[in-house]
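Visitor: Okay, here's the prediction I keep looking at, along with the sequence it came from:
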Amino acid sequence: MTTATTTAIRVLIADDQMMVRQGFTVLLNAEPGIEVVGQAVDGLDAVAKVTELAPDVVLMDIRMPELGGIEATRRITEPPGATVKVLVLTTFDLDEYVYEALRAGASGFLLKDASADELAQAVRVVAAGDALLAPSITKRLIAEFSRMTGAPRAPLKDRVGGLTERETEVLSLIAQGLSNAEIAAGLVVAEQTVKTHVGRILVKLGLRDRTQATVFAYETGLVRPTGY
């Protein structure tokens, strides 16, 4: 019997606190399929290390000297063709800087006191790009700060006009935190059909993943913050 080999998810940890970097390194290196390939002490170091080490995922602290995590995230994710995903680390579950990091290109966020299992799962989810991290918390955060940003920058029709009616519907469901399987069940279609819609949505809107799609949906007003 042959065993299929899979490439480990390469992780870079960017945090100005040595104990945090070392702690996360130990936890992640103990997980199957995950390898910490480097550490960065600040945002500038993180940007340089991404170029040097080509990680799949960066665990990015927001508050760091020299260059903060938000601007570092923007520099890492902005170049055309960039595939590295950024997972923001924060001490608080509702932090205005986290929303700014999501707008800058981060794929999600995680509390620093997360368990080893939560940390590993977050890395895997972000690397796959197929789900929104911590939906119950992230949805609340996005909704709260979308409300604070005011009116959409352009009319909704202008911003989502390139989407079909079904694609627009799927986008709104993504923004509500539903998985592909949940969307498929609600629309009574095959899960593969939903995956196809999601792929087309990301391409048409020039978005990197589901997290960016969620931010887009709130900012354009396609989904309105309610109940928070």
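Guide: The structure has been received and is ready for your questions.
Visitor: Stretch 172-189: which residues count as buried?
Guide: Within stretch 172-189, the residues scored as buried using 16 or more other Cβ atoms under 10 Å are 173-175, 177-180, 183-184. The C-beta positions use only the backbone N, C-alpha and C, and glycine is treated the same way.
Visitor: So for that stretch, first residue to last residue, what's the gap.
Guide: Taking Cα to Cα, to the nearest Å, stretch 172-189 runs 16 Å from one end to the other.
Visitor: Check stretch 105-112 too.
Guide: 20 Å.
Visitor: Quick check: nearest residue in space to Ala82, chain neighbours excluded?
Guide: Of all residues not flanking Ala82 in the chain, Ile76 sits nearest, at 6.7 Å (Cβ to Cβ, 6 or more residues apart in numbering).
Visitor: in which helix or strand would I find that neighbour?
Guide: Of the helices and strands defined by DSSP states H and E, Ile76 is found in helix 69-77.
Visitor: just Val11 next, same as before
Guide: Val11 belongs to strand 9-14, assigned by DSSP H and E.
Visitor: quick one: strands adjacent to that strand?
Guide: strand 34-40 (parallel), strand 57-61 (parallel) (DSSP bridges).
Visitor: so that strand versus helix 69-77, what angle?
Guide: Strand 9-14 runs at 140 degrees relative to helix 69-77, counting by axes from the mean of the first three to the mean of the last three Cα atoms, to 10 degrees.
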